[in-house]
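Asks: fold the following and give me the result.
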Amino acid sequence: VMFTLSELWSVSERQGRYKLLKPWWEVFMDYLVLLMLMVSILAGTLLLSKDGVVCVPVHSFPTNHSSSFENPSDSYTALFMSNTEGPAVGPAKGRQTNLDYQQYVYISQVCYHEALPWFSRFLPYVTLLQSLLLLASGCFWFHFPLTSARIEHFLAILAKCCESPWTSRALSCTAKLDSAHSRPQEEEQAMRPQAPPVPTSITRQSSLDSGTDSPLLVRTGSMSTTAAQPSPCLSSLSRCSTMSSLSIPEPASLAKAAPVIPEGSRPGPTLDRSDGEQARALFERVRRFRAHCESSDIIYKVYTTQTVFKVLMFTVIVSYTAPLLGSITFTHMCLPHSHALMGYRFFQCSHSLSSVLRKLMQAYVALVVLYGLLGIYTLFWIFHKSLRQYSFQCLQEAGSMLDAPDLRNDLAFLLHMTDQYDPLLAQRLSVFLSPVSETRLLEENLERRWSATRLRSMITSDQQGRSLLQLVAVPRLPPALFTLSQLEVLKLELIGDAKLTAQISNMSALRELHLYHCSATVESTALVVLQERLESLHLTFTHVAEIPGWVYSLRGLQELHLTGRLANEGSVGRGWALGSLRHLRHLRVLTLRGMVQRIPGELSEIAGSLVRLEIHNEGTRLLVLTGLRRLVGLAELELQGCQLERLPSALLALTGLRSLDLQHNCLRTLEELLGLQHLRRLTCLKLAYNRVLALPASVGVLRALELLDLAHNQLQNLPPALFTLHRLRRLLLGGNLLEELPAEVGALSLLTELDLSGNRLESLPKELFTHCVELRVLNVANNSIGSFQPCLGSLGHLSQLNLQGNNLEELPVELGCCSGLRGGGLLVESWLLHTLPAHTRDFLQQPRSPSGTSSEANSRPGSDSFPTFSTTQWSFLSAAESRI
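Replies: Numbers count the residues shown, from 1 in each chain. Below you'll find the predicted structure:
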């Protein structure tokens with residue numbers, strides 16, 4: 001069989017790595033097995049090359065020359081004893097025999113197999129097999145299928161932990177912190193009037209100064225920890241698992257207070273990007289391997305079984321080998337069945353290798369006894385020590401790695417084994433088990449990847465022109481975020497550990513905070529800042545239990561927007577648990593987007609300050625609305641998607657209500673509008689996307705109404721009482737079944753926006769163009785209009801006109817009198833534009849002047865039918881949609 005050099009090299013490498021898991025007794029046992037093999041091979045080699053017996057005939061027996069071929073009787077033993085003990089009877093000396101050389105050779109071969117005991121001939125081979133069996137049992141747990149993969153993975157992770165630059169930095173910083181804490185005590189002792197203490201060398205610091213002390217790495221020399229610049233490190237000396245930044249002062253300035261070094265200006269080298277990513281990957285790899293190994297103790301069981309097998313083998317070998325040693329003698333008496341050939345009945349034979357063989361076997365038994373004693377010690381160590389539990393107590397007593405968790409099962413057992421080789425290996429692995437160490441690494445990566453310059457380049461503007469920053473799926477909040485003093489709106493999305501620290505006080509302009517599926521935690525000092533400055537908070541969650549408790553203590557909060565599942569499944573009574581709102585005394589706007597089954601009773605505690613309430617129920621029926629009666633100060637109410645079939649009677653108590661939005665419900669009748677006559681301040685009523693069949697005449701009691709939205713219902717006609725609402729400015733009737741617009745519409749002289757799209761209109765009354773001269777937005781798309789009145793040109797303020805989807809054959813020439821339609825204000829099929837005169841068409845296609853645009857925008861501040869956004873706002877909305 002031929003082996004390549006690469007195969008032999010790989011085997012030697014694996015054996016070199018396995019030595020980390022071999023304690024001192026395993027090493028001694030391996031050497032003892034090696035010596036057993038050498039003794040067995042030497043004895044077997046002697047037996048194969050020089051083994052044999054020399055036999056001579058015995059003349060002292062009277063029947064030695066008889067011609068009888070009878071076998072000797074039971075008196076053989078007595079004759080043999082008399083031959084060896086009596087002075088008259090002894091071995092033949094100098095006597096003439098009648099045997100030739102071939103007869104001597106023959107009788108020696110026969111007597112070797114008949115007279116020599118089996119253990120004198122085969123004991124070396126048996127011991128060789130036993131040694132091979134002990135050799136296999138010594139490394140069985142390294143090759144057993146259920147354990148070898150875990151051991152290989154553990155050794156690979158341990159090698160990575162020792163080679164990682166993050167390990168060297170963490171341990172070096174730990175040594176510096178330990179020395180920094182020990183220096184004040186030494187100076188205190190030096191100040192006392194006593195004999196100077198004998199200087200002692202701190203060996204622990206030198207061992208922790210570098211990660212190159214690992215047996216897996218090449219030693220490159222030691223370096224004094226005081227010569228290197230202090231570098232950022234994990235605060236492993238803190239009992240509360242929080243990060244702290246310490247600057248190690250010079251010995252001459254220890255009496256002075258140490259200056260606090262800012263987070264971004266710490267001296268010392270930092271990890272490059274590749275090293276940081278490798279360290280993060282190693283943290284995740286260690287976490288997964290720990291979860292895998294702590295689930296079972298198969299390695300512990302296999303090693304225990306292997307050790308028990310070794311002890312049993314020792315017991316069996318000693319029990320039958322030791323008694324056989326006394327039977328290995330030099331002289332043997334042979335009685336071959338070849339009297340006719342030899343002429344002699346008895347022969348005396350000598351075994352030449354008996355003396356050497358006995359000594360070798362005695363040495364073998366001595367080695368087995370030592371092997372067995374080590375096996376017994378191993379069993380005592382296994383059962384006396386709790387090997388399935390591992391604690392970093394020694395590191396905690398030494399003042400480092402205080403937050404390394406306790407381990408169990410196979411991972412604990414493997415660390416106990418490595419501790420027998422080198423205790424520093426567990427210390428290097430604890431760097432990647434420490435949450436503080438991982439936190440510090442994440443902070444360094446964030447500082448490098450998310451710098452203040454990059455964050456400032458990501459700031460955009462929202463619709464109100466405020467500065468906005470959105471962070472999505474970052475592991476932690478970058479420290480540079482808290483340096484953005486001019487930021488007003490902060491959006492955090494899908495961040496697992498969003499911790500707001502005391503540095504948030506630097507963000508003096510922050511007024512609005514969005515948390516989209518973020519488990520945000522707030523320090524006590526940061527909470528004080530948020531209580532004073534934060535005005536608007538948006539929370540998006542999955543379950544109501546994810547709402548942080550600190551939200552209810554934001555006493556300065558004015559707007560709270562909650563999006564998520566607010567109702568408990570299967571419950572009808574108390575459908576949600578918002579918590580106590582009594583501290584939110586200044587809350588003015590509350591938005592609930594989720595499955596709410598009742599108006600929360602907690603709102604009564606803030607009824608005096610609440611001005612706007614929005615409930616978007618996503619199709620879940622809102623069962624109980626009695627809680628609305630207590631909100632007497634409410635000015636705006638939105639109940640969308642609540643499956644309401646009638647107008648709630650609780651609205652009668654809201655005498656100060658100005659805006660009512662009941663869109664996306666199941667309203668079929670509006671007979672309860674008569675009850676709303678007490679709402680004398682109601683100016684906005686939105687009932688779009690319902691199932692209203694008819695508008696009652698009682699709508700005329702809403703004298704203060706300025707906006708009425710009845711779009712996407714099933715209205716077929718309009719009552720005359722509707723046109724008695726002389727304050728009405730916006731009337732939205734799109735998506736209905738209207739076939740005629742009454743001429744009474746001319747009574748709405750203040751009307752600025754009229755939406756009649758998606759109906760069945762064939763013509764428009766003349767009064768609409770002659771009396772509604774303030775009309776700015778007219779939408780009659782998707783109807784059956786065939787022509788327009790010539791008086792269309794009297795609408796001098798018209799700026800938006802949508803005529804698409806009608807039966808028009810030509811456009812009225814009077815459109816040229818509507819100067820506000822220039823620059824895209826007219827929406828119509830392109831072929832219809834060619835029916836206009838050339839000068840009118842060119843006039844309408846001229847770009848709108850900026851001054852005219854601004855004046856028109858200012859003239860209709862409340863219009864939301866045709867929203868206009870700047871290029872920056874549209875780009876921000878597109879980026880937000882793409883990220884979602």
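
Asks: what's the local residue count around the closest residue to Leu761 other than its chain neighbours?
Replies: Closest residue to Leu761 apart from its sequence neighbours, by C-beta to C-beta, 6 or more residues apart in numbering: Asn783 at 4.4 Å. Quick note: C-beta positions are derived from backbone N, CA and C, even for glycine. Using other C-beta atoms under 10 Å, Asn783 is surrounded by 23 other residues.

Asks: before we move on, what about Leu455?
Replies: Leu455: 17 neighbours (other C-beta under 10 Å).

Asks: next: the one 4 residues further on.
Replies: Here the neighbour count serves as a burial measure; for Ile459 (other C-beta under 10 Å) it reads 15.

Asks: before we move on, what about the one 10 residues further on?
Replies: Using other C-beta under 10 Å, Leu469 is surrounded by 18 other residues.

Asks: how about Pro837?
Replies: 10.

Asks: now for the longest helix anywhere in the chain, which elements pack on it?
Replies: When the chain is parsed with DSSP state H, its longest helix is helix 354-384. Under the contact criterion of 3 or more C-beta pairs under 8 Å, 6 or more residues apart in numbering; DSSP states H and E, helix 354-384 touches helix 24-50, helix 118-138, helix 298-325.

Asks: what residue lies at the spatial centre of the chain?
Replies: Glu284 (7.4 Å; C-alpha atoms, centre = their mean).

Asks: so for the helix or strand containing it, mean pLDDT?
Replies: Assigned by DSSP states H and E, Glu284 belongs to helix 273-293. Across helix 273-293, the average pLDDT comes to 85.

Asks: next, the angle from that helix to helix 298-325.
Replies: Between the axis of helix 273-293 and that of helix 298-325 there is an angle of 70 degrees, by axes from the mean of the first three to the mean of the last three C-alpha atoms, to 10 degrees.

Asks: now helix 273-293: buried residues?
Replies: 276, 278-280, 282-283, 285-286, 289-290, 293 (16 or more other C-beta atoms under 10 Å).

Asks: can you redo the residues you listed as CSV with distance to His771?
Replies: CSV is the format used below for the buried residues of helix 273-293 (distance: C-beta to C-beta, whole Å):
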residue, distance to His771
Gly276, 73
Gln278, 77
Ala279, 76
Arg280, 72
Leu282, 79
Phe283, 75
Arg285, 78
Val286, 80
Phe289, 81
Arg290, 80
Cys293, 85
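
Asks: what's the farthest-apart pair in the residues you listed?
Replies: Spatially, the most separated pair among the buried residues of helix 273-293 is Gly276 and Cys293, at 26.0 Å (C-beta to C-beta).

Asks: run through the stretch 201-350 of the chain and note the low-pLDDT ranges.
Replies: 201-271, 338-343 (pLDDT under 70).

Asks: tally of neighbours for Ala520?
Replies: 17.

Asks: please report how far the closest residue to it other than its chain neighbours lies from Thr521.
Replies: Leaving aside its sequence neighbours, Ala520 sits nearest to Ala498 (C-beta to C-beta, 6+ apart; 4.3 Å). Between Ala498 and Thr521 the computed distance is 7 Å (C-beta to C-beta, to the nearest Å).

Asks: those two - which one has more neighbours?
Replies: Applying other C-beta under 10 Å to Ala498 and Thr521 shows that Ala498 carries more neighbours, namely 19 against 13.

Asks: where's that one, which helix or strand?
Replies: Applying DSSP H and E, one finds Ala498 within strand 498-500.

Asks: what average pLDDT does that strand get?
Replies: Mean predicted confidence for strand 498-500 is 89.

Asks: same deal with stretch 51-60?
Replies: On average, stretch 51-60 scores 70.

Asks: hmm, back to that, quickly note the distance from the residue nearest to the centre of the chain to Lys22.
Replies: Glu284 is 29 Å from Lys22, by C-beta to C-beta.
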